[in-house]
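> got a predicted structure plus its sequence, pasted below:
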Amino acid sequence: MKNPTPSFFKAMMAIVRKDLAAEFRSRELLSAMLVFSLLVILIFNFALELDVKVRESVTAGVLWTTFAFAGTLGLNRSMAVEKDRGCMDGLLLAPVDRSAIYFGKAISNLAFMLIVEIIVLPVYSMLYNINLFQPGLLLVILLGSIGYIAVGTLLAAMSVQTRTRDVMLPILLFPVAIPVLLASVKASSGYLNGADFAEILAPLNLLIVYDLIFIAVPLMFFEHVVEE
Amino acid sequence: METIPDTSGYMIAGYAISFLTMGIYAASMYIRHINLKRDLETLESLEKETKKKK
Amino acid sequence: MQTKPIALTILDVVSIIVLGISTYLALVFAPTEAVMGDVQRVFYFHIGTAWVGLLGFVIAAVAGIAYLITKDMRWDRFEVAAVEVSTVFFFITIVLGSIWARPAWNTWWTWDPRLTTAAVTELIYIAYFMLRQGLEDPEKRARFGAVYTLLGGLSAPITFMVIRLFRTIHPVVIGNASAEAQGGFSMTTDMRTAFFFALFAFTVVFIDMIWHRLRLGALEEKVEQLKLNVSL
């Protein structure tokens, strides 16, 4: 952990490659997350009656709720697979730095979440005739997802070891991730409604602060969560 | 000077709830303590029995 | 361990006395506030419980770090005690705030930064107990608990800052003149006495409750150990 050596990156990338390769073969996780996201949007459409006026004010909220739910689904699954197939034990036996495992899992989780977002965004744009492809908004989505996944990966590693693991992750994750979700919603709706940059800057700064803290902390404590 | 609004009902409710909550918590600790003591006694006697059998 | 220490009995009596005095100061001694009337009197307990609630959560995070460094189960017991007692006090804070808000703001609840942060914090610590309940190994329970209190303690202030971007009507009682319009008020000397005494009283009650919870925790651990021994 003190000085990242080449083997650190090698180990990290090996985990990422393994996860992505497994996923592109089975496509279990991505398809589940995608179908789930589209269903959530569908439900919101009728629950909130997303007509033109309402749409402008709630789009950011609908998007982030969808991402958060889909994200939990992915996080839970990706950690449960490690646990059930005994991969985690294998990884822990390997002479690899624990933080390399954390980064590896976090990066592949982030990749899954971003892929889902990249597919959901154009679908949403098309369905509701809103242009979501603004560079600022995409930046917010990236920053928000990083923070959410950073803390989510740590908590998922904890929740899969509990007795009630299927319900545990959202209960642990949502209250802790509220700042990142709210800041993302605030910044996203700022971009969507064409607010001044000064107004968007505050939530954007908080997002960056959150990201930094919640990458650093799990990095320090991940080893305490996975060791047997 | 305007008259002070009568909000004493809220005040009484507030203090009642404060003391009630603290009371319930203290009682819960007491009950848990009693139960644990009982468990402890049962377990200790169980342990003695198993030792005797050996 | 079996017999209750005399110091604790003394502390019990002292807590009841100071709590009684604090109640007297808040209900009788302090003058009635002119704009809001008697309901303002819940403010003393509101602040008192909020103070120890927050104190407990900070203590819990510190105890969590201490546990992760030393791996000494006593820190874990301390952390659980602090979180549990604080959760109870914080619940009182939220309820009192809500009771006060009804006549002052004409609503039981608003999504103001302090209220929301308080509610989220309370949820974090309820989740903390659910997490612990789902784990059987005491050592793992302690490790996960420590990590989670830390995450919670770090996320709560950011929650507060984020929600402040949205809106606020909560009064800033100390050192803000413009707050008066939103239900803030300036304190007279007698109010100050009641205010500081409430802080003191709740600190004493808090220490007393933590001590009791620590003893309970030690007993729990003993029973758990014995259960393991017997089943083997």
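Thanks, I have the structure now.
> tell me which other helices or strands the longest helix along chain A touches.
The single longest helix within chain A, with elements called by DSSP state H, is helix A:52-84. When contacts are defined as 3 or more C-beta pairs under 8 Å, 6 or more residues apart in numbering or on different chains; DSSP states H and E, helix A:52-84 packs onto helix A:28-47, helix A:87-93, helix A:98-128, helix A:135-159, helix A:165-192. The way it works is simple: take the backbone N, C-alpha and C, and place the C-beta from them, glycine included.
> quick check, stretch C:110-124 touching chain B?
No. Applying C-beta under 8 Å from any C-beta of the partner chain, one finds stretch C:110-124 separated from chain B by no less than 12.9 Å.
> so the closest residue to chain B within chain A: helix, strand or coil?
Closest to chain B within chain A is A:Arg163: 21.1 Å, counting by C-beta to the nearest C-beta. Classification of A:Arg163 using DSSP: H, G, I helix; E, B strand; the rest coil returns coil.
> now for it, how many residues are close by?
9 (other C-beta atoms under 10 Å in any protein chain shown).
> next: C:Val204.
With other C-beta under 10 Å as criterion, C:Val204 counts 18.
> show me what contacts it?
C:Leu11, C:Val14, C:Ser15, C:Val18, C:Leu19 (C-beta atoms under 8 Å, 6 or more residues apart in numbering or on different chains).
> ok, the last one touching C:Phe200?
In other words, C:Leu19. No. If you go by C-beta atoms under 8 Å, C:Leu19 and C:Phe200 don't touch, sitting 10.5 Å apart.
> more neighbours: which of these two?
C:Leu19 (21 against 15).
> which parts of chain C are helices?
Under DSSP H, chain C gives helices at C:6-24, C:42-70, C:73-105, C:113-133, C:138-164, C:189-231.
> OK, contacts around whatever residue of chain C ends up closest to chain A?
Proximity of chain C to chain A (C-beta to the nearest C-beta) peaks at C:Gly134, 3.2 Å away. C:Gly134 is in contact with A:Thr162, A:Arg163, A:Thr164, A:Arg165, A:Met168, counting by C-beta under 8 Å, 6+ apart.
> out of those, who's the most crowded?
A:Met168 (24 neighbours).
> name the nearest residue to it, sequence neighbours excluded.
A:Ser159 (3.9 Å; C-beta to C-beta, 6 or more residues apart in numbering or on different chains).
> ok, that neighbour touching A:Arg77?
No. Contact criterion C-beta under 8 Å: A:Ser159 and A:Arg77 do not qualify, at 11.8 Å.
> pick out the residue nearest the middle of chain C.
C:Gly53 (1.6 Å; C-alpha atoms, centre = their mean).
> would you confirm that that one contacts C:Ile94?
No. Counting by C-beta under 8 Å, C:Gly53 does not reach C:Ile94; the two are 9.1 Å apart.
> for chain C, what is the nearest residue in chain A?
Counting by C-beta to the nearest C-beta, chain A gets nearest to chain C through A:Thr162 (3.2 Å).
> tally of neighbours for the spatially closest residue to C:Leu135 that is not a sequence neighbour?
Leaving out its chain neighbours, the residue that sits closest to C:Leu135 by C-beta to C-beta, 6+ apart is C:Arg141, at 4.4 Å. For C:Arg141, the count of nearby residues is 18 (other C-beta under 10 Å).
> from memory C:Arg141 sits against C:Arg132, does it?
Yes. Contact criterion C-beta under 8 Å: C:Arg141 and C:Arg132 qualify, at 5.1 Å.
> wait, what's in contact with C:Leu131?
A:Met158, A:Ser159, A:Thr162, A:Met168, A:Leu172, C:Phe144, C:Gly145, C:Tyr148.
> show me what contacts C:Asn106?
So C:Asn106 contacts nothing (C-beta under 8 Å, 6+ apart).
> look up phi and psi at it.
Note on C:Asn106: backbone dihedrals following degrees, to the nearest 10 are phi 70, psi 30.
> residue numbers of chain C in contact with chain B?
C:23, C:27, C:32-42, C:45, C:49, C:85, C:88, C:91-92, C:95-96, C:99-100, C:102-103, C:205, C:209, C:212-213, C:215-216, C:219-220, C:222-223, C:226-227, C:229-230.
> need the pLDDT of C:Val88.
We have a pLDDT of 94 for C:Val88.
> now it: how far from C:Val80?
As judged by C-beta to C-beta, to the nearest Å, C:Val88 and C:Val80 stand 13 Å apart.
> do C:Gly145 as well
7 Å.
> need the residues touching each of those two.
Joint contacts of C:Gly145 and C:Val80 (C-beta under 8 Å, 6+ apart) are C:Arg132.
> any part of stretch A:96-115 near chain C?
No. Stretch A:96-115 stays clear of chain C (C-beta under 8 Å from any C-beta), getting no nearer than 12.4 Å.
> mean confidence for that stretch?
So the average pLDDT for stretch A:96-115 ends up being 89.
> same check, this time on stretch A:66-83
On average, stretch A:66-83 scores 88.
> export only the CA atoms of that stretch, formatted as CSV.
Coordinates of each C-alpha in stretch A:66-83 appear next as CSV, following Å, rounded to 0.1, in the frame of the first residue of the first chain:
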residue,chain,number,x,y,z
THR,A,66,-32.6,4.5,-11.5
PHE,A,67,-28.8,4.5,-11.4
ALA,A,68,-28.7,4.0,-7.7
PHE,A,69,-31.1,1.0,-7.8
ALA,A,70,-29.3,-0.6,-10.8
GLY,A,71,-26.0,0.1,-9.1
THR,A,72,-27.0,-1.8,-5.9
LEU,A,73,-28.2,-4.7,-8.0
GLY,A,74,-24.8,-4.9,-9.8
LEU,A,75,-22.7,-4.4,-6.6
ASN,A,76,-24.6,-7.1,-4.7
ARG,A,77,-24.3,-9.6,-7.5
SER,A,78,-20.6,-9.0,-8.3
MET,A,79,-19.6,-9.5,-4.7
ALA,A,80,-22.0,-12.4,-4.1
VAL,A,81,-20.4,-14.2,-7.1
GLU,A,82,-16.9,-13.8,-5.6
LYS,A,83,-18.2,-15.1,-2.3
